[in-house]
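1. The amino acid sequence is not available; the structure is as follows:
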């Protein structure tokens, strides 16, 4: 099976891109080893706190760019986001439920790259994705005139013995 997303390579610069956004193609072990080095230096809790707003910002930006590139609107942009994440090797993502009017969603992740790369490690390993889903849902909400801001948390991880990881996106308490 070949990649299911378009990959362009600039002949002059060698820069890879998909849908006009520059991309990096790195081995999973390389990325995970760097991720774990920072986690070890800062501690998981502090590292997760730092990653959350960076992931949020990146997902929000991505959704805005992809909506314009593909003419998508609302929750279809978030669905496209999950599809592209799945096509880029992070794992297989799908909504278990989603309500853009309420800013609420539940997302399942099978075959997480973090779980696959760390066999035998237990715990919630996929916290890097948390900010991504809040950023995507908030983009959906803002694009549709909603005033909520959401928070996302991993509620279970395959590395805890579950069949898949699950993330819950909910509006922040006022």
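-> That came in fine, so what should we check first? This one's a predicted model, so the numbers in the text were calculated from it and none came from an experiment.

2. ok but residue 155 is inside a strand, no?
-> Yes - counting by DSSP: H, G, I helix; E, B strand; the rest coil, residue 155 is located in a strand.

3. how close does it get to residue 171?
-> 16 Å (C-beta to C-beta, to the nearest Å). Yep, even glycine has a C-beta here, placed from its N, CA and C like the rest.

4. In the chain, where's the longest helix?
-> Counting by DSSP state H, the longest helix found in the chain is helix 44-70.

5. residues in contact with the helix or strand that comes right after it?
-> Once helix 44-70 ends, the next helix or strand along the chain (criterion: DSSP states H and E) is helix 75-87. By C-beta atoms under 8 Å, 6 or more residues apart in numbering, the residues outside helix 75-87 that reach it are 3-5, 18, 59, 62-63, 66-67, 70, 72, 91-95, 98, 100, 105, 107, 132, 136-137, 139-140, 143.

6. And helix 75-87, what's buried?
-> Residues of helix 75-87 classed as buried: 75, 77-82, 84-86 (neighbour count, 16 or more other C-beta atoms under 10 Å).

7. Make a markdown table from the residues you listed and add pLDDT to it.
-> As requested, the buried residues of helix 75-87 are exported to a markdown table (pLDDT from 0 to 100):
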| residue | pLDDT |
| --- | --- |
| 75 | 98 |
| 77 | 98 |
| 78 | 98 |
| 79 | 98 |
| 80 | 98 |
| 81 | 98 |
| 82 | 98 |
| 84 | 97 |
| 85 | 97 |
| 86 | 97 |
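
8. Kindly indicate which of these lies nearest residue 32.
-> The shortest gap between residue 32 and any of the buried residues of helix 75-87 belongs to residue 85, at 15.9 Å (C-beta to C-beta).

9. re earlier: distance to residue 150 added to the buried residues of helix 75-87, as JSON lines?
-> As requested, the buried residues of helix 75-87 are exported to JSON lines (distance: C-beta to C-beta, whole Å):
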{"residue": "75", "distance to residue 150": "13"}
{"residue": "77", "distance to residue 150": "15"}
{"residue": "78", "distance to residue 150": "11"}
{"residue": "79", "distance to residue 150": "16"}
{"residue": "80", "distance to residue 150": "18"}
{"residue": "81", "distance to residue 150": "14"}
{"residue": "82", "distance to residue 150": "15"}
{"residue": "84", "distance to residue 150": "20"}
{"residue": "85", "distance to residue 150": "18"}
{"residue": "86", "distance to residue 150": "21"}
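
10. Cheers, nothing more for now.
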